[in-house]
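S.K.: the sequence and its predicted three-dimensional model are supplied below.
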Amino acid sequence: MSESYLIVGADVVGEGRGDLLLQDGGVRRLNSAADAPRDARRIDADGLVALPGLVDLHTHLREPGREDAETIATGSAAAAAGGFTAVLAMANTDPVTDTAEAAERVHELGRQAGLVDVQPVGAVTKALAGEQLAELGLMARSRAQVRVFSDDGKCVHDARLMRRALEYVKAFGGVVSQHAQDPRLAGSEACAHEGELSGRLGLPGWPGVAEEVIVARDVMLARHTGSRVHIAHVSTAGTVEVLRWAKAQGIAVTAEVTPHHLMLPVDKVATFDPTFKVNPPLRPAEDIAALRAALADGTIDAVATDHAPHARHDKEHAFAEAAFGMLGLEQALQVVHTVMVRGGAMGWAAVAAAMSTNPARIAGLDHQGGGLADGAPANLVLFDPSARVTVDRDASRSLSSNNPWHGIALDGAVQATFLRGRATLLDGEVHA
Amino acid sequence: MRHLLSAADLDRDQALTILETAAQMHEVQHREVKKLPALRGRTVVNLFFEDSTRTRSSFEIAGKWLSADVINISAKGSSVSKGESLRDTVTTVAAMGIDGMVIRHHASGAPAQVADWIDAVVVNAGDGTHEHPTQALLDAYSISRRIGDLAGKHVVIAGDLTHSRVVRSNLLLLKTLGAQVTLVAPPTLMPSGVAAWSEAAGFATTYDFDAVLPDADAVMMLRVQKERMSGGYFPTPREYTVGYGLTRQRLKLLSPNAVIAHPGPMNRGLEITADAADEARSLILDQVSAGVAVRMSVLYHLLGGAQ
């Protein structure tokens, strides 16, 4: 029989103190802590906030292919340490997740790691080449039950192919998550937000409009096909305007924003430190303000990390030649707390929606994002909002250390994570 | 100043000191025996990740005339293409016990990154489309030799500014030296964000070359590559020349006392006509000869007795 936990005095999703019993994989809301079975392990949660387990729509776990940068096990550990109970593992591995077999393998390795639900994302196009559809239906019918498809890292830039993909996945309730980057406006050399700083530094520019034109096109394709589309890592104020318009029209579009785009400005690249090289690039303060407002008002549905571990040597090139991407799983909730909750832009219920309920719904994960009502699956995180932690990249569970928050003090700390009633993070330790 | 990574590393006094020393070094170039003992026992590596004839040879001669041991390493197509990281490449070279590393790299910012990784003095010999500080120093040296102190002088810079590292270093250095700068290019070849940049940094921009020429004390023409046409930066070389080339007609707008500079390599007939390149007001060969003197001065101040 599995251990049960009695969580005493937590602020449950910001709605007031309550006692939660985690037993047999489910949540029970107790009227009194005295109602708990005697053998339940008691966790004093005074001052802690209880949130439903976080769901990340956008994680790179690097396995198979780059197990020197991250494995499904180490990425899962980082996820558990960050309060996540499910992650969507992006398809741009080597080999690419573009077949049922590849998807099942990722799913199975995630199950073996046992720290979070690892749900594979399938490629939209074979080998991410943007030329022919991958076997979307076979991935959907596989044991991994793939529902989210993305060529992330690359844009599905061919309008006709994007249209077909949007139509085709309707048959099994799938969704395409688009990496919006017009490859003619922002090619492979583009590496920094196109603006004054890239002009001064002579870095090849990645203009915001390269994202915006694809988002505008794709919401029109979604309207035309009656399909739903998801926009990955929204980075500009212009994209927010398009999304706001599209949602007002009733177009089935959802969108995510990363913790780094909510917090870190383009100025970070002024020293040419490739830690801050990410795709899409860090943007100016005006974009950051628009992204925060859009997350707060629901125009952007979800926070997703785009956790992108890289081996040290892949970041120790000249800026233009270094790998794109930064870590995110372990700091995501701290960042959202620091920039959104502390400033009063979001309450805990909105955080639970953006980091658990909405991403689970977008990804079609029935056993995640269910909230903390009586009888819900016991996926939850306990967060201490009074802590203040200076991030140390060497203290990470990730195999990589490309952590953009290294040395920065963030507000709050994840204290415990539970996956179906089992503690995956407790007392500072990750437990499979 | 420990390294020379950007023209912004130099304040006015430091820049003027380097230019004064360069004048002394320039004298040495005309002696029969050109060697000075200043850097005897010092080792300088020219680490070039990109092809270069003039800059590499002028750094090599500069180091040798100062009696340094100079080693040229072409990293193009060697360790980099084998997948070695930039950090591994430069720390390997630095581990041989060198005193100075002169770096040319095809990517912006590489010398600044390298300066964080190794103990040797780093000199930026041109990085991507970022900076080329010794070129700016030799431009300032050549221009001021002809027209005097640059303070208050008007320098017009025209050409492919987007892809030019020379313009970025020149903007910084000319500003430090008190000159007024006007940039001229079609909108497609202006650096991104130039409106905000020019306002913050205090320089002017225009698309109208003719309008600014009569008031110029110096005109610096930057190379325009014909390949830019395929990127849609301008329709044809002919059209570029009519709008932005230093043509025979435009030479007439220029004051008789003004000078013409070009850091090379020139595309004669595109951004500059043969007439302009060869006429008396042109500094182009002076710039090449000044290159050695200025680089001697830079190496001397970073690695020599001045320490």
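M.R.: Here it is on my side, so go on. Numbers count the residues shown, from 1 in each chain, chains lettered A, B, ... in the order given.

S.K.: below-threshold pLDDT in the stretch 201-307 of chain B: ranges please.
M.R.: B:305-307 (pLDDT under 70).

S.K.: can you give me the strands in it?
M.R.: With DSSP state E, counting those that start in this stretch as the criterion, the stretch 201-307 of chain B has strands at B:204-206, B:218-221, B:259-261.

S.K.: out of these, which is the most enclosed?
M.R.: strand B:218-221 (a mean of 28; mean count of other Cβ atoms under 10 Å in any protein chain shown). C-beta coordinates here come from the backbone N, C-alpha and C atoms, glycine included.

S.K.: picking that back up, out of the strands of the stretch 201-307 of chain B, nearest to chain A?
M.R.: In terms of Cβ to the nearest Cβ, the element of the strands of the stretch 201-307 of chain B nearest to chain A is strand B:204-206, at 11.4 Å.

S.K.: mind putting the strands of the stretch 201-307 of chain B into TSV with distance to A:Thr275?
M.R.: Shown next, in TSV, are these (distance: least, Cβ to Cβ, whole Å):
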stretch	distance to A:Thr275
strand B:204-206	33
strand B:218-221	36
strand B:259-261	39
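
S.K.: would you turn those strands into CSV with distance to chain A?
M.R.: What follows is the strands of the stretch 201-307 of chain B, written out as CSV (distance: least, Cβ to the nearest Cβ, whole Å):
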stretch, distance to chain A
strand B:204-206, 11
strand B:218-221, 17
strand B:259-261, 20
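
S.K.: out of those, nearest to B:Gly291?
M.R.: B:Gly291 lies closest, by Cβ to Cβ, to one member of the strands of the stretch 201-307 of chain B: strand B:259-261, at 12.3 Å.

S.K.: can you list contacts of the closest one?
M.R.: For strand B:259-261, the external contacting residues (Cβ atoms under 8 Å, 6 or more residues apart in numbering or on different chains) are B:139, B:142-143, B:146-147, B:217-221, B:246, B:254, B:272, B:276-277, B:279, B:281-284, B:287.

S.K.: switch the cut-off to 7 Å
M.R.: By Cβ atoms under 7 Å, 6 or more residues apart in numbering or on different chains, the surrounding residues in contact with strand B:259-261 are B:139, B:142-143, B:146-147, B:218-221, B:246, B:276, B:281-284, B:287.

S.K.: before we move on, what about stretch B:49-69?
M.R.: Against stretch B:49-69 from outside (Cβ under 7 Å, 6+ apart): B:28, B:34-40, B:42-44, B:46, B:48, B:70, B:72, B:75-76, B:80, B:102, B:104-106, B:125-126, B:264, B:288, B:291-292, B:295-296, B:299-300, B:304.

S.K.: which of these fall in strands?
M.R.: B:Thr43, B:Val44, B:Asn46, B:Phe48, B:Val70, B:Asn72, B:Val102, B:Arg104, B:His105, B:Ala125, B:Gly126 (DSSP state E).

S.K.: if we look at chain A, which of those residues are close to it?
M.R.: Counting by Cβ under 7 Å from any Cβ of the partner chain, B:His105 from the ones in strands among the contacts of stretch B:49-69 sit close to chain A.

S.K.: I appreciate the help and will end here.
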